[in-house]
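[1] Attaching a predicted model along with its sequence, questions to come.
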Number of protein chains: 2
Amino acid sequence: MSGAPWYLDCDTGIDDALTLGLLVAEGADLKGIGSVSGNLSAAGGARNTLDLMSLMGRADVPVAVGAHDPLGDEFHGVADFVHGANGIGDVELPRAGEPVAESAAEMLVRLAHEHPGALRVLAVGPLTNLALALALDPELPSLVADVVIMGGAALVPGNVSSVAEANIWNDPVAADLVLQASWPVTMVGLDVTMDARFEETHRVELAAGGAVPKALAAMLGVYFQYYTPILGRPSCALHDPLAAAIALGTVVPTSAPVVPIEVDATDGPGRGQTLVDLRSRFVGYPPQPGTRHRVVLGVPEGFGDELLATLLRLP
Amino acid sequence: MSGAPWYLDCDTGIDDALTLGLLVAEGADLKGIGSVSGNLSAAGGARNTLDLMSLMGRADVPVAVGAHDPLGDEFHGVADFVHGANGIGDVELPRAGEPVAESAAEMLVRLAHEHPGALRVLAVGPLTNLALALALDPELPSLVADVVIMGGAALVPGNVSSVAEANIWNDPVAADLVLQASWPVTMVGLDVTMDARFEETHRVELAAGGAVPKALAAMLGVYFQYYTPILGRPSCALHDPLAAAIALGTVVPTSAPVVPIEVDATDGPGRGQTLVDLRSRFVGYPPQPGTRHRVVLGVPEGFGDELLATLLRLP
């Protein structure tokens, strides 16, 4: 649970910012944070991460800049229509600290060797850094306890294409390598994250909190604008925070079968899709030899309320 | 409704046999039936179709042999583990009649010209013949009232791969062409057909009926064997009959949004998948310009009971 040593990989991002808040409020033992290009550039994500962690009184956690470009591709630029030009809803935070010299992939490999068998990995952006770390040290899977990712879609539509979710879409080659490696992966995808929401009432309550909740509420204004035509009202999906809560164990899935997961890394119409083999659904997903990945298909209702209460504990 | 002139394209097959029974019992005005390789070879499918139609007193309906090979591929042989070696559960029927000289694609084009704007097309096998007919006459879409297909999977697993349904998987190139043509297509896929079932009680009641119901019940023994490990008990999915009932209007979908549908015709892991764009689900699928395909996502319960009652009317 939260007593374990953690490596977080993120592309900070508005829902990544909420995730940093959740992890800090829950007292997660963060040994290091790597950034990756996704919602914005890896450098920009590291900047936002450093500023936010400092604002939350956790400037002690080292932050490493990770991969700028996806494997075999080029970074396509900030998703400003979702997260604002600076990635955090154009909220200006006091600048604080500098990233460490090692890369995110090097940090992950180092931490795995320092905490063999114990290190838990939470990855809420594209999986480029994890794939690079696997290349740096092929023994990595045996050193890491488990990997929890926010990404993919099993039985629901994608959010970039009809079938592809943004984190996987942004680097399907890396996602394919991460899912082929011999570590257990828990996939927290759009099946559950699209139904985990902050509504306008949550945003207003957050805005009445301390400096950190106020800053998060300000970011949510931009995020809500993106989601309003998709969800039909001012609100947002809580992608990354839900993955973090499942990783920490504060949210326990009601359905999470262990089944094969493939990634479509072709240039075809299915590019970036997670192909989750749920054909055994009518007989309750009996164990299959060699299968090691969990896909979360259900969680209890009310995560938005829980997350709000947690974030309001921040200064 | 059933007063319209119909062209049926099928790969007869056990659930195709049930479909022929349904169409005959409902008095559908069948102008012609084409066969296509799928559950078994096109020639074998035509043989089964002729024999069944004769047994049901409808030897007057012309049957044309269609494409043996999928577009750009070769037919891989009978799915005997599903449908038995002869495609109809190894039930031996009296041999009756011969196919007409024209091909299935030629028959479809001819019927469309004979019934301009009125002909309805029901395709419950791979879409090879429909694609060949489009190549024979590019004006075909303007002559056909609509196309209803059994095939694909939108928000549920496939049945050949984690994402691909058998009819689309067997000729994704043809399916792609059929879905790109400018006619309206209603897709009846695994989303609804896997939950439309015949149980052992239905099979027993059918076996107590006339000669045709008895023959259909005998075929179902083999089909139930295939489905028992998948569904957890002796029973079967009613793929093709449900598509026919929706085409006839005797089953009215409870949910059938008009949305874009693509087909994955790559050689990647998503080959044969129908990519149905349901991203607008939270705002009720507002109309999108140029979109003309319906995907059936919900039907009323009880189709097995209705189908049984209909089939028991057969001699």
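    Here it is on my side, so go on. Numbers count the residues shown, from 1 in each chain, chains lettered A, B, ... in the order given.
[2] Which residues belonging to the helix or strand of chain A with the lowest mean pLDDT are considered buried?
    Least confident helix or strand, chain A: helix A:80-83 with a mean of 94, by mean pLDDT, DSSP states H and E. Buried residues in helix A:80-83, counting neighbours by 16 or more other Cβ atoms under 10 Å in any protein chain shown, are found at A:V82, A:H83. Bear in mind the C-beta positions are built from the backbone N, C-alpha and C, glycine included.
[3] same check, this time on stretch A:270-284
    Buried residues in stretch A:270-284, counting neighbours by 16+ other Cβ under 10 Å, are found at A:270-282.
[4] now the strands for chain A?
    For chain A, the strands defined by DSSP state E cover A:5-10, A:29-35, A:63-65, A:119-123, A:144-150, A:185-188, A:197-199, A:235-237, A:261-263, A:274-276, A:294-295.
[5] Please convert those to CSV, extending it with distance to B:V36 and mean pLDDT.
    Shown next, in CSV, are those (distance: least, Cβ to Cβ, whole Å; pLDDT from 0 to 100):
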stretch, distance to B:V36, mean pLDDT
strand A:5-10, 49, 98
strand A:29-35, 53, 98
strand A:63-65, 56, 98
strand A:119-123, 46, 98
strand A:144-150, 42, 98
strand A:185-188, 38, 98
strand A:197-199, 46, 98
strand A:235-237, 43, 98
strand A:261-263, 29, 97
strand A:274-276, 27, 98
strand A:294-295, 35, 98
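[6] Quick one: those as TSV, columns for distance to chain B too.
    Formatted as TSV, the strands of chain A follow (distance: least, Cβ to the nearest Cβ, whole Å):
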stretch	distance to chain B
strand A:5-10	25
strand A:29-35	28
strand A:63-65	32
strand A:119-123	22
strand A:144-150	18
strand A:185-188	13
strand A:197-199	10
strand A:235-237	10
strand A:261-263	5
strand A:274-276	5
strand A:294-295	11
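[7] Adding distance to B:A208, write those out as TSV.
    Formatted as TSV, these follow (distance: least, Cβ to Cβ, whole Å):
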stretch	distance to B:A208
strand A:5-10	63
strand A:29-35	68
strand A:63-65	73
strand A:119-123	59
strand A:144-150	55
strand A:185-188	49
strand A:197-199	53
strand A:235-237	54
strand A:261-263	46
strand A:274-276	42
strand A:294-295	44
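[8] For B:A4, which of those is the nearest?
    strand A:274-276 (38.6 Å; Cβ to Cβ).
[9] Give the other helices and strands that the closest one contacts.
    Contacts defined by 3 or more Cβ pairs under 8 Å, 6 or more residues apart in numbering or on different chains; DSSP states H and E place strand A:274-276 against strand A:261-263.
[10] For chain B, see how far away A:A118 is.
    Note on A:A118: its distance to chain B, by Cβ to the nearest Cβ, to the nearest Å, is 33 Å.
[11] now A:Q288
    Between A:Q288 and chain B the computed distance is 12 Å (Cβ to the nearest Cβ).
[12] do the same with A:L134
    For A:L134, the distance to chain B - Cβ to the nearest Cβ - is 20 Å.
[13] A:N159 now?
    If you go by Cβ to the nearest Cβ, the gap between A:N159 and chain B works out to 7 Å.
[14] Next: A:P286.
    10 Å.
[15] which residue sits closest to that residue, ignoring its sequence neighbours?
    Spatial nearest neighbour of A:P286, excluding adjacent residues (Cβ to Cβ, 6 or more residues apart in numbering or on different chains): A:S280 at 6.2 Å.
[16] Residue numbers of the stretch 201-315 of chain A in contact with chain B?
    Selection of the stretch 201-315 of chain A residues close to chain B by Cβ under 8 Å from any Cβ of the partner chain yields A:229-232, A:260, A:262-270, A:273, A:275-279, A:281-284.
[17] which residues touch the residue nearest to A:P286?
    Neighbour list for A:S280: A:V259, A:P286, A:Q288 [criterion: Cβ atoms under 8 Å, 6 or more residues apart in numbering or on different chains].
[18] How about A:R120?
    A:R120 makes contact with A:A4, A:P5, A:W6, A:Y7, A:V144, A:A145, A:D146, A:V147, A:V148, A:A247, according to Cβ under 8 Å, 6+ apart.
[19] again, but for A:W183
    By Cβ under 8 Å, 6+ apart, the contact list for A:W183 reads A:L140, A:P141, A:V144, A:D146, A:V147, A:R292.
[20] out of these, which one sits closest to A:H76?
    Of all the contacts of A:W183, A:H76 sits closest to A:V147, with 25.0 Å by Cβ to Cβ.
[21] and that closest one, how far is that from A:L132?
    A:V147 is 14 Å from A:L132, where distance means Cβ to Cβ, to the nearest Å.
[22] do the same with A:A28
    Here A:A28 is placed at a distance of 24 Å from A:L132 (Cβ to Cβ).
[23] same thing with A:A145?
    A:A145 sits 20 Å away from A:L132, taking Cβ to Cβ as the criterion.
[24] just to revisit the earlier point, now, the most widely separated pair of the buried residues of stretch A:270-284?
    Counting by Cβ to Cβ, the most remote pair of the buried residues of stretch A:270-284 is A:R271 and A:F282, 29.5 Å apart.
[25] now the residue in the stretch 1-150 of chain A that chain B sits nearest to: how far from B:R279?
    Nearest residue of the stretch 1-150 of chain A to chain B, counting by Cβ to the nearest Cβ: A:V82, 14.4 Å away. For A:V82, the distance to B:R279 (Cβ to Cβ) stands at 14 Å.
[26] ok, for A:L130, nearest residue in space, not its chain neighbours?
    With sequence-adjacent residues excluded and distances taken as Cβ to Cβ, 6+ apart, A:L130 is closest to A:V178, at 4.9 Å.
[27] which residues sit against stretch A:128-147?
    So stretch A:128-147 is contacted by A:4, A:9, A:34, A:36-37, A:66-67, A:69-71, A:103-106, A:108-109, A:112-113, A:116-123, A:171, A:173-175, A:177-178, A:181-186 (Cβ under 8 Å, 6+ apart).
[28] Please check those residues and keep the buried ones.
    Those of those that meet the buried threshold are A:4, A:9, A:34, A:36-37, A:66-67, A:70-71, A:103-106, A:108-109, A:112, A:119-123, A:171, A:173-175, A:177-178, A:181, A:183-186, by 16+ other Cβ under 10 Å.
[29] Next step: those residues restricted to helices.
    Among the buried ones among the contacts of stretch A:128-147, the members found in helices (DSSP state H) are A:A104, A:A105, A:E106, A:L108, A:V109, A:A112, A:V173, A:A174, A:A175, A:L177, A:V178.
[30] biggest separation within those residues, which pair?
    Greatest spatial distance among these (Cβ to Cβ): A:A112 and A:V173, at 21.8 Å.
[31] check contacts around the most centrally placed residue in chain A.
    Centre of chain A computed as the mean C-alpha position; nearest residue by Cα atoms, centre = their mean is A:V124, 1.4 Å away. When contacts are counted by Cβ under 8 Å, 6+ apart, A:V124 is found next to A:8-11, A:13, A:15-16, A:19, A:149-150, A:167, A:239-240, A:243-244.
[32] sorry, back to before: just the closest of the buried residues of stretch A:270-284 to A:V160, please.
    The shortest approach to A:V160 among the buried residues of stretch A:270-284 belongs to A:G272, at 6.5 Å (Cβ to Cβ).
[33] show me the residues around the residue nearest to A:A46 when sequence neighbours are not counted that make contact.
    Closest residue to A:A46 apart from its sequence neighbours, by Cβ to Cβ, 6+ apart: A:S35 at 4.0 Å. For A:S35, the contacting residues are A:9-12, A:42-43, A:45-46, A:49, A:63-66, A:99, A:104, A:125, by Cβ under 8 Å, 6+ apart.
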